[in-house]
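Novice: 3D model of this:
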Amino acid sequence: MADSSRRAISPDDLPPVEPPSAGFLVQLFLVPALIVGIIVSVWLAFHWLAQLGNDPQAAVRALRRNTEGRWQAALNLANDLRGPGGGTLKADEALAEELASVLADEVKSGRPVGGGHSAEQSRTLCVYLCRALGEFAVPAAAPPLVARAEATDQPEIARAAVEALAVLATNLAAAGNEFADPAAVTAAMIGATRANDPGLRSSAAFALGVAGGDGARGRLEELCGDVDNDVQANAALGLARLGDPSAYEPLAEMLALPDVATRPGDDESQAARYKRAMVVVNAIKGVGLLVDDTSQSPPGRIVTALEALREDAIPDVRQGSTALLRRIERLGQEADGLPAARAAAP
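Specialist: Numbers count the residues shown, from 1 in each chain. This is a model prediction of the structure:
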């Protein structure tokens, strides 16, 4: 009965067939093709920039073009200099001078100053150029970094410059070289420690402890009383690197920082706890530098603080303090004239 009541569908009952509209065709074919094309173009661009590190001169040519994203070429060069095959590049004085020229031209153009996307891209380029120059092991890399460190009105670039000078100082020493004008380097770092930007002051304090030079110790002692805690910590560590026992007092304060209670989901308290742990670990390393430099046990206040840290909640703090206390104990045993084999026993 039900079957007999069904009426066959006639072609006249179907809606009319219309050709697809232009908008439909664009959505169906053209838009996906454009998206795929953009993705492929971006990938090819970054792939091309990544390959520039294999040809330093190609990277320099890319850096001289006023194109967006050329900072990637500077980053690639910095990574290549830092990498296992960067030994030859580190000694390439002509390449260092070319990068210095690119940096000087970019600053002279005025593009890093001001706001907006273009200025941000230019500052990023200058930052990576500074980092690349710091990876060299030739004195020619220093003057452009000194010039940028002195320009404290651009703290982001100046900070990259002083950090690069610290790396360059280490590389020069490892290669048996030295700064052509060490006084200028130290003066630039000291000047940066007087900047209004606390991040720049902190980086300059660190760099000053690495490079040293006339006036470095006196300025670092002053910075131990800076209003910013990071500046104080880097100044104390700088004094320790220079073998100055006056670092013991600020290092003792760093060792005495109490642990920070955290609550689940409280990112701020967790970040504060992590930072406290890093400060204490660095203070332990600073004491170790002084112990190695002086071959003497630290003051009793330091030893007491290290003993307390043996029970700290942070594993790195416990392990660092325990290892340092063993070294200090061995120093005491050697001073008492115990046999070397017994003194070396844990």
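Novice: residues in contact with residue 222?
Specialist: residue 235 (CB atoms under 8 Å, 6 or more residues apart in numbering). Where you see a C-beta, it was placed from the backbone N, CA and C, and this is true even at glycine.
Novice: which of the helices or strands spans it?
Specialist: Assessed by DSSP states H and E, residue 222 sits inside helix 216-223.
Novice: CA atoms only: put that helix into PDB for me.
Specialist: Taking C-alpha atoms only, helix 216-223 is exported to PDB below (Å, rounded to 0.1, in the frame of the first residue of the first chain):
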ATOM      1  CA  ALA A 216      86.500  47.800  37.000                       C
ATOM      2  CA  ARG A 217      86.800  46.600  40.600                       C
ATOM      3  CA  GLY A 218      85.900  50.000  42.100                       C
ATOM      4  CA  ARG A 219      82.800  50.300  39.900                       C
ATOM      5  CA  LEU A 220      81.700  46.800  40.700                       C
ATOM      6  CA  GLU A 221      82.000  47.500  44.400                       C
ATOM      7  CA  GLU A 222      79.700  50.500  43.900                       C
ATOM      8  CA  LEU A 223      77.200  48.400  41.900                       C
END
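Novice: next secondary structure element downstream of it?
Specialist: Counting by DSSP H and E, the next helix or strand C-terminal to helix 216-223 is helix 229-241.
Novice: using the record's domain definitions, break this protein down for me.
Specialist: Residue ranges for the domains of the chain, per automatic domain parsing: 40-180, 243-346.
Novice: who wins for proximity to residue 214 among the ones you listed?
Specialist: Nearest to residue 214, of all the domains of the chain, is domain 40-180, at 12.7 Å by CB to CB.
Novice: returning to that earlier point: looking at the domains of the chain, which is buried most?
Specialist: Neighbour counts (mean count of other CB atoms under 10 Å) averaged over each of the domains of the chain peak at domain 40-180, with a mean of 19.
Novice: can you list the buried residues in the helix holding residue 222?
Specialist: 216-217, 219-221, 223 (16 or more other CB atoms under 10 Å).
Novice: picking up where we left off before, how about the domains of the chain in CSV, adding mean pLDDT?
Specialist: Below are the domains of the chain laid out as CSV (pLDDT from 0 to 100):
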stretch, mean pLDDT
domain 40-180, 85
domain 243-346, 89
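Novice: closest one to residue 198 among those domains?
Specialist: domain 40-180 (9.4 Å).
Novice: turn the buried residues of helix 216-223 into TSV, including distance to residue 139 and pLDDT.
Specialist: As requested, the buried residues of helix 216-223 are arranged in TSV below (distance: CB to CB, whole Å; pLDDT from 0 to 100):
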residue	distance to residue 139	pLDDT
216	19	96
217	24	96
219	23	97
220	24	97
221	29	96
223	27	97
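Novice: name the nearest of these relative to residue 258.
Specialist: residue 223 (23.6 Å).
Novice: any idea which helix or strand comes after the lengthiest helix in the chain?
Specialist: What stands out as the longest helix in the chain, according to DSSP state H, is helix 267-294. Using DSSP H and E, the helix or strand that directly follows helix 267-294 along the chain is helix 300-309.
Novice: chain center to the helix or strand just after that following helix: distance?
Specialist: Counting by DSSP H and E, the next helix or strand C-terminal to helix 300-309 is helix 315-335. Helix 315-335 sits 30 Å away from the centroid of its parent chain (CA atoms, centre = their mean, to the nearest Å).
Novice: who touches residue 107 in this structure?
Specialist: Here residue 107 is in contact with 126, 148, 151, 157 (CB under 8 Å, 6+ apart).
Novice: output the domains of the chain as CSV; include the columns distance to residue 232.
Specialist: Converted to CSV, those look like this (distance: least, CB to CB, whole Å):
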stretch, distance to residue 232
domain 40-180, 17
domain 243-346, 6
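Novice: among those domains, which is nearest residue 193?
Specialist: Proximity to residue 193, assessed across these by CB to CB, is greatest for domain 40-180 (8.9 Å).
Novice: could you pull out the buried residues of stretch 181-197?
Specialist: For stretch 181-197, by 16+ other CB under 10 Å, it's 182, 184-193, 195, 197.
Novice: for the stretch 101-250 of the chain, which segments count as helices?
Specialist: 116-134, 142-150, 155-174, 182-192, 198-211, 216-223, 229-241, 248-255 (DSSP state H, counting those that start in this stretch).
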